[in-house]
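>>> Need coordinates for the below:
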Amino acid sequence: MAEYVQRSCESMIKELEVLRRIKLFSDDEINRIIVVRKHMESKIHNVSKSLDDFKSYISYEKLLLKKIHQRQNERGISEKKGWLDNRILFRITRLYQTAVQRFRSDYSFYVEFFKFCRKHKLNSAASQAVDIIIKMFSHKPEVWILAAKWYWHLKDANRALKTLQKGFTIHKQSIDLYNKAIKLELDQLSEADSDVRSIQEQLCVVKIKTYVSLILRNITDLGDILSTLKIVQDHEILKETQEEISRHVFQNYTMDGHLLPPFEEQVRALEEGG
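This next block holds a predicted model:
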């Protein structure tokens, strides 16, 4: 353990020398940073290490980075700014990556890692985090939405939509997945070039009809179904889809929003009531 701690501390020497040389931190402050980091390194290399040890180390490094930015701005010091950022961001990313490999059950920590990468434009690490999240937590519907939003952010609309489609084949009763897919189809259509607009429009209508058919087959909550109607109701090209949803609601739900029993049961009830 001592060897790993020593090696990690030695890798920080140049960074600390820069902080001292450009007068962002005093000698006493640098020494305190060394003490804290050595303590943190000892904790995460201990046999009985815990996720909280990694969280504490990550929080400390984030605070340190924030303090560096604050002093750079206050003192007008720009020297080595990008270099220092990269060094500390790399350390935090490495801590996250090590922790998620060792502690696989904490979903919120995985999401925290992804959000950190996204915030600092660490796109490669963010994509890796999304891949791991899908693999580890595919049983959570919100995971598929998180992944789709990320791929959309990367301008990969097709992958975003395929991710949602895969998600609602697993989570057939998740209205959020269906609705997100419909919204992304409409967003993609709105961004289509004029020369392919007509073809994209036809494709969009067909795909949304498919999504709505799945919704009406798998979703029973009236409020959920009406949330889909709200998304499509302002789009003239989806007139038939709007009518299909409305027809389904009036045929299958009572005035107070309860699902009517199957037609055969309704006939049987009338006969028995005779």
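>>> Show me how this structure divides into domains.
Per automatic domain parsing, the structural domains of the chain span 1-103, 172-263.
>>> what separates the first one from the chain centre, distance-wise?
Between the mean C-alpha point of domain 1-103 and the mean C-alpha point of its chain there is a distance of 26 Å (Cα atoms, centre = their mean, to the nearest Å).
>>> The last one now?
Its chain's C-alpha centre lies 24 Å from the corresponding centre of domain 172-263 when counted by Cα atoms, centre = their mean.
>>> Number the chain from 34, please
Yep, numbering from 34; the last one is domain 205-296 now.
>>> For K195, which of the domains of the chain is the nearest?
domain 205-296 (9.9 Å; Cβ to Cβ). Heads up, the C-betas are built off the backbone N, CA and C, glycines and all.
>>> Quick one: residues contacting D60.
Residues near D60 by Cβ atoms under 8 Å, 6 or more residues apart in numbering: R53.
>>> Roughly how far does it sit from K88?
Counting by Cβ to Cβ, to the nearest Å, the gap from D60 to K88 is 29 Å.
>>> E218 now?
Counting by Cβ to Cβ, the gap from E218 to K88 is 39 Å.
>>> Which of the two has more residues huddled nearby?
Comparing E218 with K88 by neighbour count (other Cβ atoms under 10 Å), the higher total belongs to E218, at 21 against 17.
>>> name the element Q130 belongs to?
Here Q130 sits within helix 114-135, counting by DSSP states H and E.
>>> Buried ones in the following helix or strand past that helix, by neighbour count?
Next in sequence after helix 114-135, counting helices and strands by DSSP H and E, comes helix 140-152. With burial defined by 16 or more other Cβ atoms under 10 Å, the residues of helix 140-152 counted as buried are 142-147, 149-151.
>>> which one of these sits closest to Q105?
Once Cβ to Cβ is applied, the member of the buried residues of helix 140-152 that ends up nearest Q105 is F149, at 20.3 Å.
>>> Now do the contacts for the closest one.
F149 makes contact with 125-126, 129, 155, according to Cβ under 8 Å, 6+ apart.
>>> And the pLDDT for it?
F149 is assigned a pLDDT of 97 by the prediction.
>>> repeat for M288
Predicted confidence (pLDDT) for M288: 69.
>>> One more: Q198?
Q198 carries a pLDDT value of 97.
>>> can you confirm it is in a helix?
Yes: residue state for Q198 (DSSP: H, G, I helix; E, B strand; the rest coil) corresponds to a helix.
>>> quick one: it from V133, how far?
26 Å.
>>> Specify which residue of these two has the higher count of neighbours.
A count of neighbours by other Cβ under 10 Å puts V133 above the other of Q198 and V133, at 22 against 18.
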